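>>> this one's sequence-less:
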């Protein structure tokens, strides 16, 4: 075969693979332009372009054939919300950006996990593993999509359930209109000596290390009644709906990831933290206060205080502020120890309180 023939075969194979992936992942071939999407939705071209941009995806020229019928249906559903007055344009952009930001991270996370699985289980190098995932992604996609929809529905139902309890009959109301809307326990768990512990690790070992940490933290937080908000480098931000639950989450994180973990005992009661030892101890904080919940994150003075308390905590210990300590004073399950006053960056001087379980 001539060189031209080889190139032609390669181009043909790439085109066939692209068509196969479009059929599997996008529901059909790309037959529409951005202008077509606008006309079908009955809105201005710039609004459709804005929608596509907030999804975080490449937005081609208006007359490039790059979209499928499924793309058109998605745009039509979104624009119908605007026409019917169910959301305004600002909210539409926020909802779409949430999908783009979360979807991008989720897809990348899952694809990289599949690549790592291929490399480990089949003894492949990284490029070969990525090609193998590309060859099999169309078979895996329906399962991943179905699980995503199921998980999202369960998460949405969980949030609705919490709101139904918290705000039933006007409960959890706040008379001060200037106050942040939600009262929550917030806390951080920050790895000790992350840089030193991960220095020299290869990609596989580093991935295992981080995955073990996140898995254990999420399991502990969920099992004790809290929720993980996000990971920030080598730290995790969590929340709980009441301060006693928040304190239990914090104490359990310090214990499970600390030096007193009894692996045999953990295994006997279900293995929640099996494999946690050897990850890293953590410095932990928990603070009660009012927060603003936006963009899948929480904001407010209590979040800042919790972050600064984590900076000064000793490994495998939990710190809180005096106001939160007063709320915990009647809890028979915790022991409070006031510590010497310290300077907290951006906060000022404070006498932190150590929280231990009895």
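Yes, it's here. Note that the coordinates shown come from a computational prediction; the quantities given were computed from them, not determined experimentally.

>>> which strands and helices sit next to the helix or strand where residue 147 lies?
Assigning secondary structure by DSSP states H and E places residue 147 in helix 126-166. When contacts are defined as 3 or more C-beta pairs under 8 Å, 6 or more residues apart in numbering; DSSP states H and E, helix 126-166 packs onto helix 3-21, helix 89-122. All C-beta atoms are positioned from the backbone trio N, CA, C, and that covers glycine.

>>> most tightly surrounded among those?
Most buried of those by mean neighbour count (mean count of other C-beta atoms under 10 Å) is helix 89-122; its value is a mean of 14.

>>> quick check: buried residues in the host helix or strand of residue 39?
Element membership for residue 39 (DSSP H and E) is helix 34-41. Residues of helix 34-41 classed as buried under the neighbour-count rule (16 or more other C-beta atoms under 10 Å) are 34, 35, 36, 37, 38, 40, 41.

>>> can you list phi and psi of residue 248 for me?
Main-chain torsions, residue 248, degrees, to the nearest 10: phi -60, psi -40.

>>> let me fix that, I meant to ask about residue 201.
Main-chain torsions, residue 201, degrees, to the nearest 10: phi -70, psi 140.

>>> residue 125 is in contact with residue 131, isn't it?
No: in this structure residue 125 lies outside contact range of residue 131 using C-beta atoms under 8 Å: 10.2 Å.

>>> of those two, who's got more company?
Counted by other C-beta atoms under 10 Å, residue 125 and residue 131 do not tie: residue 131 has more neighbours, with 13 against 8.

>>> ok, for residue 120, nearest residue in space, not its chain neighbours?
Setting aside the residues directly before and after it, residue 120 is nearest to residue 204 in space (C-beta to C-beta, 6 or more residues apart in numbering), at 7.5 Å.

>>> that neighbour looks like it's in a strand, true?
No: read with DSSP: H, G, I helix; E, B strand; the rest coil, residue 204 is helix and lies in no strand.

>>> on the pLDDT front, check it for me.
Predicted confidence (pLDDT) for residue 204: 70.

>>> report the separation between it and residue 126.
10 Å (C-beta to C-beta, to the nearest Å).

>>> repeat that for residue 303.
Distance of residue 303 to residue 126, given as C-beta to C-beta: 38 Å.

>>> so what's the residue count around the residue nearest to residue 120?
Residue 204 has 12 neighbours, counted by other C-beta under 10 Å.

>>> tell me who's in contact with it.
116, 119, 120 (C-beta atoms under 8 Å, 6 or more residues apart in numbering).

>>> now residue 53
residue 59.

>>> likewise for residue 350?
By C-beta under 8 Å, 6+ apart, residue 350 lies in contact with 321, 322, 341, 342, 344.

>>> let's go with 6 Å and repeat that
Residues counted as contacts of residue 350 (C-beta atoms under 6 Å, 6 or more residues apart in numbering) are residue 344.

>>> pull out the buried positions in the lengthiest strand in the chain.
For the chain, the strand with the greatest residue count under DSSP state E is strand 282-294. For strand 282-294, the neighbour count (16+ other C-beta under 10 Å) marks 282, 283, 284, 285, 286, 287, 288, 289, 291 as buried.

>>> cool, stretch 177-197 as well?
Residues 180, 182-192, 194, 197 are the ones in stretch 177-197 that count as buried (16+ other C-beta under 10 Å).

>>> ok, stretch 302-320 next?
Here stretch 302-320 shows 302-310, 312-313, 315-320 as buried, counting by 16+ other C-beta under 10 Å.

>>> for stretch 126-133, same thing?
Those would be 129, 130, 132, 133, for stretch 126-133 by 16+ other C-beta under 10 Å.

>>> excluding covalently adjacent residues, which one is nearest to the third one?
Yep, that's residue 132 we're talking about. Per C-beta to C-beta, 6+ apart, closest to residue 132 is residue 118, 4.7 Å.

>>> my guess is that neighbour meets residue 129, correct?
Yes: shown here, residue 118 and residue 129 form a contact pair, counting by C-beta atoms under 6 Å, at 3.8 Å.

>>> low pLDDT regions in the stretch 51-200 of the chain?
Along the stretch 51-200 of the chain, segments meeting pLDDT under 70 span 168-176, 197-198.

>>> on that earlier part again, mind listing which of the buried residues of stretch 302-320 are in strands?
Short answer: the buried residues of stretch 302-320 in strands (DSSP E) are 318, 319, 320.

>>> what's the pLDDT at the first one?
As predicted, residue 318 sits at a pLDDT of 96.

>>> separation between it and residue 358?
Where residue 358 is concerned, residue 318 sits at a distance of 13 Å (C-beta to C-beta).

>>> the second one now?
Noted for residue 319: a distance of 17 Å to residue 358, by C-beta to C-beta.

>>> which residue ranges of the stretch 151-300 of the chain form helices?
Taking DSSP state H, counting those that start in this stretch, the helices of the stretch 151-300 of the chain run over residues 194-198, 203-223, 243-256, 263-268.
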